[in-house]
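Engineer: okay, predicted coordinates and the sequence, questions at the end:
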Amino acid sequence: MAMLSYRTPPCLRFISIYCSRCLPGTPTIFGGQSVRELHTKNFLLGTARTQIWLACATTKTIHHQQQRCYSLSHPPDTVSPPSKLKRYLVDNCVRFAEWYERFLERRYPKVFQVYKIFKIGIRDFIADTKMYYDVTTDLWTGKSLNDFTRKELGVYRQYPKDVWKVSPVLIISALPFANYVVFPIAYMYPKWFLSPQFWTSEQKETIWGGQLAKRLRHCPLALRHLRVRHTHMDDDHPLQEKLKVTLNKIRHFQNLSVAEILDLKPLFEDYPCHIEKISIAYVRQLAKCNNLPLRRSKLIDSTLVAHYTDLAMGREGIENLNDEELAKACYERSLNPVGISREEQLRHLCDWVEVSRAIDENSLSLLLHLPIFLAYNKPTNRQLSGRSLQSG
């Protein structure tokens, strides 16, 4: 029977040499096999099998750990559909809420009206809060005022006033049982405790009309300051006569055209009517005419925002405003829209925007005088203010 030749591996030879040196009498394996060689061979084979098994086990463990970590850091992007019971309960809750709203509207119409006012008001107030935060953040990052929409700039101007009104009501109503007292009081006095988001159409007309009447009462005082500035002008000033004619027209309840107003623009770019060159009393009267801050620095900033609001309204199209937005824009620009047609309201806003487009940061004082030049002698404003306008 033929003998299979066996070639001793290098590692086995090394072990045999080591054993022969450390243990006297142990033969060194260079050729045939010996007993110690067989024992050493079996030991190495068993060790190798053990190492292979440990390596496989370690690899499987690492693989499972990687799968577990992967599943934790990257959860599946799908959600299992709700069960039939959960779907049934949610659908019935929604149907019950809708039915209960209809029931309140039929059975208790006044209670439902109050509920609807606060529901819509809170929703709009939260939306304006988010918009104000976005606009403020964009301004901090260097975004220009010319990049915002009319609504965004309007919220940026109005929201700080609204939050001072609404915050006390919302904070006190969070106390236990306080909402049963706070909300009825706020509903009875919306002008003092609620913002326009919570007002009805009738309340908006009444409150905005009262605020406009109060602003128009300051127009004769601002006009008096303008007459004083006219008397201080030199007789050879090229616009001295034009300003005199303008003052006489306003005194006799005549309206000014856009061309006549723009002819006076140089007077508001420098002496005598630049916003930095007029007295503090004059600045305060102009601020009250426009419902803007009284301090000169804040007045300039607010007037600049109002100027860019006019530009945004012109870009978006004045004719695209709905009736409520159109009435609000007229109140903000010193015109009482009650009793006049939509075309007249649009004409007033178009004239206002045309003048606003022609001015720049150096002639912002002209924009502050537009309530006197454009709206002071409007018939609806005379009806709203009565004797206060006749005193001009």
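Structural biologist: Looks like it arrived, so ask away. Numbering: from 1, shown residues only.
Engineer: show me what the helix or strand harbouring V181 is packed against.
Structural biologist: Per DSSP states H and E: V181 is located in helix 179-188. Contacts defined by 3 or more Cβ pairs under 8 Å, 6 or more residues apart in numbering; DSSP states H and E place helix 179-188 against helix 109-140, helix 150-173. Where C-beta positions appear, they are placed from N, C-alpha and C, glycine not excepted.
Engineer: pick the most deeply packed of those helices.
Structural biologist: helix 150-173 (a mean of 16; mean count of other Cβ atoms under 10 Å).
Engineer: hmm, who's touching that helix?
Structural biologist: Helix 150-173 is contacted from outside by 125, 128-129, 131-132, 134-136, 145, 148, 178-179, 182-183, 186, 192-198, 302, 305-306, 308-309, 312-313, 316, using Cβ atoms under 8 Å, 6 or more residues apart in numbering.
Engineer: quick one: that helix to helix 179-188, angle?
Structural biologist: If you take axes from the mean of the first three to the mean of the last three Cα atoms, to 10 degrees, helix 150-173 sits at 140 degrees to helix 179-188.
Engineer: just the CA atoms of helix 150-173, as PDB, please.
Structural biologist: C-alpha atoms of helix 150-173 as PDB (Å, rounded to 0.1, in the frame of the first residue of the first chain):
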ATOM      1  CA  ARG A 150     -47.700  93.900   1.700                       C
ATOM      2  CA  LYS A 151     -49.200  91.500   4.300                       C
ATOM      3  CA  GLU A 152     -45.800  90.700   5.900                       C
ATOM      4  CA  LEU A 153     -44.900  94.400   6.300                       C
ATOM      5  CA  GLY A 154     -48.400  95.100   7.600                       C
ATOM      6  CA  VAL A 155     -48.000  92.400  10.300                       C
ATOM      7  CA  TYR A 156     -44.500  93.700  11.100                       C
ATOM      8  CA  ARG A 157     -45.900  97.100  11.800                       C
ATOM      9  CA  GLN A 158     -49.100  96.100  13.700                       C
ATOM     10  CA  TYR A 159     -48.100  93.000  15.600                       C
ATOM     11  CA  PRO A 160     -46.200  94.700  18.500                       C
ATOM     12  CA  LYS A 161     -49.300  96.800  19.300                       C
ATOM     13  CA  ASP A 162     -51.500  93.700  19.100                       C
ATOM     14  CA  VAL A 163     -49.400  91.600  21.400                       C
ATOM     15  CA  TRP A 164     -49.500  94.200  24.200                       C
ATOM     16  CA  LYS A 165     -53.300  94.000  24.100                       C
ATOM     17  CA  VAL A 166     -53.900  90.300  23.800                       C
ATOM     18  CA  SER A 167     -51.100  88.900  26.000                       C
ATOM     19  CA  PRO A 168     -52.700  89.900  29.300                       C
ATOM     20  CA  VAL A 169     -56.000  88.300  28.300                       C
ATOM     21  CA  LEU A 170     -54.400  85.100  27.200                       C
ATOM     22  CA  ILE A 171     -52.100  84.900  30.300                       C
ATOM     23  CA  ILE A 172     -54.900  85.500  32.800                       C
ATOM     24  CA  SER A 173     -57.200  83.100  31.000                       C
END
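Engineer: now for E324: which residues touch it?
Structural biologist: So E324 contacts S201, K204 (Cβ under 8 Å, 6+ apart).
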